[in-house]
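Visitor: coords below, sequence missing:
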């Protein structure tokens, strides 16, 4: 509608008897420049949006990645099949804290499976599980949540002293979890930690920041 009106106004302007051929030519050139200017603005606007979107996608890929909970080791805190964003920058300038839910691999291979567990022991600490209780440096660790009493201490039946960069992790489903109590997981080295679990993206009813 707007294009037809502009065309009609342009034709009316050019048909005015008082406008000379030279003026018509100048006017035509001016209008063409105006139209080119508008087109350039639109193209620049489209380009800026495209660059912004590409930058946002690349930044997201560098800072975050999604992961699906495929094990029952963190139930009921994390349900099997639920998906989360991992903050990959969380531990670049700092270290995991007790209680953090981390994502890690057991070795440096890109093909190694991702695991999700809760940090219990920190570098330099001695961890032991006695009569279902977690001892950190000989003191009973009182957790802020009501987790099941541990029936099988695994390797933690004997005191485990963590070296620099090593972490002791447990699944919240304490009696159905492969974690630092067993050789397949063992002590988790910081260099194999992908990041911190921080935002749930599915199912839809549970979307939002993750509370440790």
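Guide: Yep, that arrived. Everything numeric in this text was worked out from a predicted model, so none of it was measured.
Visitor: Tell me, how many residues neighbour residue 170?
Guide: When counting by other CB atoms under 10 Å, one arrives at 25 neighbours for residue 170. Yep, even glycine has a C-beta here, placed from its N, CA and C like the rest.
Visitor: Likewise for residue 176?
Guide: Look at residue 176: counted by other CB under 10 Å, it has 11 neighbours.
Visitor: Now it. Nearest residue, chain neighbours left out?
Guide: Distances taken as CB to CB, 6 or more residues apart in numbering put residue 72 closest to residue 176, at 5.9 Å, once the chain neighbours are dropped.
Visitor: from what I can see the one you found touches residue 178, true?
Guide: No. Between residue 72 and residue 178 there is no contact under CB atoms under 8 Å: 10.3 Å.
Visitor: buried stuff in the longest strand along the chain?
Guide: Counting by DSSP state E, the longest strand found in the chain is strand 193-202. The neighbour-count check on strand 193-202 (16 or more other CB atoms under 10 Å) flags 193-198, 200 as buried.
Visitor: same question, stretch 104-111
Guide: 104-105.
Visitor: circling back: contacting residues for the residue nearest to residue 176?
Guide: 80, 173, 176-177 (CB atoms under 8 Å, 6 or more residues apart in numbering).
Visitor: Quick one: residues contacting residue 127.
Guide: Contacts for residue 127 were tallied using CB under 8 Å, 6+ apart; they are 120-121, 134-136, 156, 159-162, 168, 180.
Visitor: likewise residue 132?
Guide: By CB under 8 Å, 6+ apart, residue 132 lies in contact with 149-151.
Visitor: Out of those residues, which comes closest to residue 114?
Guide: Checking the contacts of residue 132 against residue 114 by CB to CB gives residue 150 as the nearest, at 24.0 Å.
Visitor: Quick check: residue 167 vs residue 207, distance?
Guide: The spacing between residue 167 and residue 207, counted by CB to CB, to the nearest Å, is 28 Å.
Visitor: Poorly predicted segments of the chain, please.
Guide: For the chain, applying pLDDT under 70 flags the ranges 1-64.
Visitor: try 50
Guide: By pLDDT under 50, the low-scoring segments of the chain are 13-14, 18, 51-62.
Visitor: Show me where this protein has its helices.
Guide: Assigned helices in the chain, in chain order: 2-14, 21-63 (criterion: DSSP state H).
Visitor: and residue 167 and residue 207? which has more neighbours close in?
Guide: Just comparing residue 167 and residue 207: by other CB under 10 Å the higher neighbour count belongs to residue 167, 26 against 11.
Visitor: Please name the nearest non-neighbouring residue to that one.
Guide: residue 188 (4.6 Å).
Visitor: tell me the contacts of the one you found?
Guide: With CB under 8 Å, 6+ apart, residue 188 has these contacts: 102, 104, 106, 117, 166-169, 180.
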